[in-house]
Every structure is written in structure tokens, then in C-alpha cells.
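J.: Quick one: sequence plus predicted model below, questions after.
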Amino acid sequence: MELRAYGIPMAISARPRVGLPAAATTDTAPGTTAPRDLLFLIADTGGGHRASAMAVAHCLATGEAGLWSVHVLDPFADASPAVVGRVVALYSPLIRHAPWVWGALFRATNSRAAVAALRGTVLRLVEPGLDDVITALHPDAVVSFHPLLNHPAAHVLQRLPGASIPLITVITDLVDVHAAWTYAGVDALVTGSPAALDACRRAGMAPERCFDLGLPVDARFLRHTPPARAQLRRRLGLGHDRFVVLLSGGGEGSGGLERRATALLDANLDLQVAVICGRNARLRRRLESLVADSRLVVAGFVDNMADWMGAADLVVTKAGPGAITEALSCELPLLLTSYLPGQERGNVDLVVGLGAGRYVPGIRDLVGAVAELSAPGSPALAAMRAALPHAARPHATAQIAGLVSRLARRRR
Ligand code: UDP
């Protein structure tokens, strides 16, 4: 079973950069029916939207082999006027350098009226390109993994002649739900936690359309027999005997990773530090200039986060929903250092409430907590490890894939 990109050149529009998205599928045996198309909508802002979509795509491609071709599309980047892509690309510098501005934007748009205004203006720009893709593909279902994409998708689907195509929203935030997620014109909406489910119901979503199934997580994080840790560490360039602290800041490598990594290295603790810089090339360059320190391993955007988590003893991260869900799934204790104002505040309380991690915003708090947790036989680390097996929702991805499959089959 493998992912395969079709790379079909778009013949249905002269719009530049519009193309049928890459597809996750399995080869069809001769004589069997061709796989049916599903369209998953994401934005590469951060890493969580794509990771969630790929987890469900993998699950469908492996669980219902040969039945589905899942096309994953970032309409902002690949099916919209260039100006839309440029505006959306501001997300990365914004959350890295001025997260408070992001928080203000989140609050300013977090109402039904503000979302309606966005739907009637900016989001209209996404519709023509999306219309081209949906008309060409005629998928059996469209699934939005981004709060702003269910709106243009619903408009396009409402206008499409013929049998109705189901639209599903999978919320990729854990607790706090922005008003844009709760668009009533969808056939089903999946939440990541009971708190998010309550928020959606309070926002007026029909209860029979809401499913609290959890956040999707790739099966690699759920391996019950992970490759031997020593082998993983060797492969990743880590020493096999020292306590490993994994630092990550989501897809954009945000959250002050350089200060935190250097403080940990300067603290004279018996540990090694692995930093995943994501798309933050500047952070990577700066940390690589320190690499003379053999206790530091630096990586850019990795596609094997499950291996890094499998090799680590502790993860230090901003309170990203993806990172948290992955760490809970592979039973890795967490230290949360920051949260994106708006959608990540509630994640901190969730993790602390589960007993799976702590919130350590200050550098001194961080170093103190790592010193305590990395001490041989640390009771605090043992307590977190004991809480972890009850914290994850290991069936979320399969259940979401099942829901998508059920709704898509109903259309035939
Ligand atoms: N991620 C990844 N490679 C990297 C950095 C991050 O695959 O180098 C993934 C990570 O495993 C997680 C997602 O990106 O699935 C980050 O999601 P999260 O919700 O934590 O934060 P976001 O980046 O969306 O703000």
C-alpha cells in the first residue's frame, strides 16, 4: 500500500497553478472497478491540517484497499488567485513573530457575522478554482480539514447539478472551536474532544450531524511494537544511552525553540536535545551553527515525526493539537511551552488535566521541569507515563475514515 501522486495536468481550466491534487490510492487489480474519488481540502498553514488529512487518507487507502482515490488539495495555494496564496502565506511569519496579532485576528473574526462577511467576500475568490476541481473530479465526498474551506466548498456543491455530494468537516483543533468551523451547511462535522462537541452544539450545529470521534492521527503513532528504540536512535543520529528531549514547534517551527534548546544545553543536565525546526529555515541555520555540541541534533521539516517521538523520552512543544494528539498516541510525556492565542489555549488545560504533561511557559520553569523529569527513576515522569495510556483516542482515525466512507457510499 503506498501513496502515489497522479500528477494529472489540469485540462479544465486556464487558471495557472490549478491541478488535480495528489492522490492516495492503491493499485486496482485488473478486472476490478476503478477506485472512486474523494477530495480532501487542507491548507499548509502549520502542519496539522495536512497531517490530519493524510492520516484519514492513509486509513482509507489501507482499510478499504482499491476502493478510494483520495485527492488532497490546498485550494489557497493551488486553486486560487495568487493574491489569496500570498495572504495565506503570511500565517507563518505572523505566528512566529507576532502571535498576538494572530490572536487579535482570531478574536475579531470569531463570530457568526464576521464569518458570514468572510464567506461573502474573500472566500468567494476560492470558489472558481474549487469549482473547476470538483467539476472535473466529481468526487463521492468532499472533506474539509480547514475552518475556512467548508464555506466555498459548500457553495460550489450547492450549485453543482446532479446528485448531491456529501460535505464533511473534520475539525483539526482540539478544544477551542473558531466560529468558522461550525458552518451548518455540511452533512457531518467531526470534533476532537467532548468540549469541542459542546461548543459546536452551542453554536447551533444539528446534534445528529456532530460526531465526537477525536483528532485523526497517523497509524505510525499507534504502533504497538515500535522499532527498537536503540535502532531508532541510531538511525536518527541520537546517542542510545542519554535521556532524549524532543523540541518541536508545529509545522512552522514556532514558539521560541532556539532559546529553549540553548537553555537546556547550558543547564548541564545529562541529556540530549533533538530540535525539529519544521519550515523555519532560519532557526535551523542558527541551531546548526551550534552543532559542535554533540548533545544537539537538528532537523528541518521531517516526514517521520513518529520515529522522532518513538526515540524520545519527553517532548517539549507549543500546544499544537497535532503534536499533542501524536504524543498522547505514542505515550510520550509532554511539556507545553506556549500556545497560539485563540485556538490552542484550551489544549493546555486538556493535557494538564489528563496528567500527561505540564505547562512551562518560562525558560526557568522548562529547565527545572526537564531536570526533574530526566532524573533517573523520576516519580514525576512515571506518573505522566501512567496517565498516558488512558489519554489517547486510538480509534479516531478509523472511525473518521468509516464516517467518510459511509457518507460517500450513500451517494452511489
Ligand atoms: N510536523 C511534521 N514535520 C515537521 C514538523 C511538524 O510532520 O517537521 C507535523 C507534526 O507531526 C504534526 C503537525 O505537523 O502532525 C503539526 O501540527 P500541530 O497541530 O501541532 O501544529 P501546527 O503546525 O498545525 O500549528
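T.: It's in. Numbers count the residues shown, from 1 in each chain.
J.: Please count neighbours and contacts with C-alpha atoms only from this point.
T.: Will do.
J.: Tell me how many other residues surround the residue in the stretch 101-250 of the chain that the ligand sits nearest to.
T.: At 3.4 Å from the ligand, G250 is the closest residue in the stretch 101-250 of the chain, using CA to the nearest ligand atom. The number of residues packed near G250 is 25, by other CA atoms under 10 Å.
J.: M305 now?
T.: M305 has 17 nearby residues by other CA under 10 Å.
J.: How much space separates it from H151?
T.: Noted for M305: a distance of 31 Å to H151, by CA to CA, to the nearest Å.
J.: got it, and V244?
T.: 43 Å.
J.: between the two, who's got more neighbours?
T.: Neighbour totals were compared for V244 and H151, and H151 leads with 28 against 25 (other CA under 10 Å).
J.: Who are the contact partners of the more buried one?
T.: By CA atoms under 8 Å, 6 or more residues apart in numbering, the residues touching H151 are R119, L123, Y183.
J.: what about 7 Å?
T.: Residues in contact with H151 (CA atoms under 7 Å, 6 or more residues apart in numbering) are R119.
J.: distance of the most centrally placed residue in the chain from the ligand?
T.: Central residue of the chain (CA atoms, centre = their mean): G48, 1.6 Å from the mean position. Counting by CA to the nearest ligand atom, to the nearest Å, the gap from G48 to the ligand is 3 Å.
J.: cool, V404 as well?
T.: 20 Å.
J.: so the residue nearest to the centre of the chain sits right up against G322, yeah?
T.: Yes: taking CA atoms under 7 Å as the definition, G48 is a contact partner of G322 at 5.3 Å.
J.: Quick one: low-confidence residue ranges for the protein.
T.: Within the chain, the ranges that satisfy pLDDT under 70 run 1-32, 224-226, 291, 412.
J.: Contact residues of it facing the ligand?
T.: 46-48, 51, 250-252, 276, 278, 300-303, 305, 320-323 (CA under 6 Å from any ligand atom).
J.: Among those residues, which ones are in strands?
T.: I276 (DSSP state E).
J.: Buried ones only from the residues of the chain next to the ligand, please, as a PyMOL command.
T.: To isolate the buried ones among the residues of the chain next to the ligand in PyMOL, judged by 16 or more other CA atoms under 10 Å, type:
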select buried, resi 46+47+48+51+250+251+252+276+278+300+301+305+320+321+322+323
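J.: Could I get the buried residue list for stretch 248-265?
T.: Under 16+ other CA under 10 Å, the buried positions of stretch 248-265 are 248-258, 260-261, 264-265.
J.: quick one: R235 from A306, how far?
T.: 13 Å.
J.: repeat for D349
T.: 24 Å.
J.: So between those two, which is more surrounded?
T.: Each of D349 and A306 has its neighbours counted (other CA under 10 Å); A306 has more, 21 against 16.
J.: Pull up the gap between that one and H97, please.
T.: Applying CA to CA, the value for A306 to H97 is 28 Å.
J.: Same check on G162?
T.: 47 Å.
J.: before we move on, what about R295?
T.: 28 Å.
J.: So which of the two has more stuff around it?
T.: It is R295, of R295 and H97, that has more neighbours when counted by other CA under 10 Å, with 16 against 13.
J.: ok, that one - contacts?
T.: Q272, V273.
J.: go again using 6 Å as the cut-off
T.: Contact analysis of R295 by CA atoms under 6 Å, 6 or more residues apart in numbering lists Q272.
J.: How about A34?
T.: With CA under 6 Å, 6+ apart, A34 has no contacts at all.
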